[in-house]
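Student: compute the structure for the input listed below.
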Amino acid sequence: MKKALSILLALVMLLAFAGCGGQSSTSAESAPAASGSEAAATPAADGEWPSQPITLLCGYSAGGSSDLGCRYVAEALKNILGVPVIVENIPGSGSWLAWNQLLQNTEPDGNTFALVNLSAMYGHYDETNPRETTLDDFELLANHVIDYQVLAIRNDETRFTDYASLIEYAKENPLILASATSNITSGDATVAKMLEQVHGCQLTVIPVDGASDATTMFLAGETDFLSANLGDIMEAEENGYRPIVVFAPERSEFAPDVPTAIETGLDDYVSFSARGFAYMPGVDPAIVEKMTDALVQAMDDPDYQKNMAAMGAQLELYTGEDYYNLLMDQLDTRLDLWGVQK
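Tutor: Here you go, the predicted structure:
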């Protein structure tokens, strides 16, 4: 009986020691798991970005050219980065609602970026409604579209037929055009300012809500000519008007018969709106580089290029310092014309 009891006690003690040994083993195995959780919380440190869906903020309503451009980029990025890229539309205030969301309510983890566009980004220099934010408050990634300014006239116009004759006529006869805004943030109004200052044209700019309203007034004969972006007049021929000059360094593939202002010898003015992408400040430089590289690859995607061409979007890739200088050079041109201090 005693022998049996001794054996039983020995078994109990053996089981107890085994239990303690098992518990120590579990703790040892848990330590690496905790370390792994910490690493997952900071994927940039181990080069694991991206590890979750990425959000692209678009400051315009769904269905427009800016929104569609974002969606085409997002589709290409999804295949490159291996995670979903979700376009979130936050329309209003010329993209400033979306930009405020990016700059003020977003973590600098590289998982949110935004469409940034001229001319709205020059809002800091709008003397009627100055914004606190400047270009230097964004981490610029890559530009994907340049949309050059054009002037257009109706097909039945007899007072002037080209850029030179329009200028000569406007020196002696006041002309009217429409623009969504009448300050430095408008490429249309800035072209008018250039015509006044450089060529002595007499112009009156009527404020309207947007490019479509300006076109409607122009077609109705309520304004004398149209100042617009090339992408806005892709259906000019069908609607009874035509571009007469493009303010670009060289002719556009979408309007190869339209001369540049430089070609005319009248001036060397270049004006455009630009669409690109940016982070908020403070994102890990390694992530900035990886996202920039991904955007460059996306813009080389055949489907992306086909879709953008169908919209009449002229693709011009700029990254890094070249992108910043592109925007700053255009800003300097406008500041000079409007007499605004930087």
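Student: residue 158 in helix, strand or coil?
Tutor: coil (DSSP: H, G, I helix; E, B strand; the rest coil).
Student: gap between it and residue 173?
Tutor: Distance of residue 158 to residue 173, given as Cβ to Cβ, to the nearest Å: 13 Å. C-beta: built from backbone N, CA, C; applies to glycine.
Student: ok, the two, which is more surrounded?
Tutor: Each of residue 158 and residue 173 has its neighbours counted (other Cβ atoms under 10 Å); residue 173 has more, 12 against 7.
Student: doesn't residue 201 make contact with the more buried one?
Tutor: No - between residue 173 and residue 201 there is no contact under Cβ atoms under 8 Å: 9.5 Å.
Student: pLDDT weak spots in the stretch 1-150 of the chain?
Tutor: 1-47 (pLDDT under 70).
Student: what segments of it are helices?
Tutor: Using DSSP state H, counting those that start in this stretch, the helices assigned to the stretch 1-150 of the chain run over residues 2-41, 65-81, 96-104.
Student: OK, contacts around residue 250?
Tutor: residue 260 (Cβ atoms under 8 Å, 6 or more residues apart in numbering).
Student: er, residue 247 actually
Tutor: Residue 247 neighbours (Cβ under 8 Å, 6+ apart): 148, 149, 150, 191, 260, 261, 269, 270, 271, 272.
Student: farthest pair in the residues you listed?
Tutor: 191 and 260 (13.4 Å; Cβ to Cβ).
Student: more neighbours: which of those two?
Tutor: residue 191 (25 against 19).
Student: buried residues, whatever helix or strand the more buried one lives in. List them.
Tutor: Assessed by DSSP states H and E, residue 191 sits inside helix 187-199. Using 16 or more other Cβ atoms under 10 Å as the test for burial, helix 187-199 gives 187, 188, 189, 190, 191, 192, 193, 194, 195, 199.
Student: packing partners of that helix?
Tutor: strand 139-154, helix 163-172, strand 175-179, strand 203-207, strand 226-229, helix 320-338 (3 or more Cβ pairs under 8 Å, 6 or more residues apart in numbering; DSSP states H and E).
Student: now residue 249: how far from residue 273?
Tutor: From residue 249 to residue 273 the distance is 15 Å (Cβ to Cβ).
Student: neighbour count winner among those two?
Tutor: Neighbours per residue (other Cβ under 10 Å) separate residue 249 from residue 273, with residue 273 holding more: 23 against 12.
Student: show me the contacts for that one.
Tutor: 117, 118, 119, 146, 147, 149, 187, 229.
Student: confirm it sits in a strand?
Tutor: Yes - judged by three-state DSSP, residue 273 forms part of a strand.
Student: break this protein down into its domains, please.
Tutor: 54-147+272-338, 148-264 (automatic domain parsing).
Student: Throw those into JSON lines and include distance to residue 48, thanks.
Tutor: As requested, the domains of the chain are exported to JSON lines (distance: least, Cβ to Cβ, whole Å):
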{"stretch": "domain 54-147+272-338", "distance to residue 48": "10"}
{"stretch": "domain 148-264", "distance to residue 48": "39"}
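Student: before we move on, the earlier item: tell me the angle of the helix holding residue 191 relative to strand 203-207?
Tutor: 170 degrees (axes from the mean of the first three to the mean of the last three Cα atoms, to 10 degrees).
Student: pLDDT on helix 187-199, on average?
Tutor: Regarding helix 187-199, the rounded mean pLDDT is 95.
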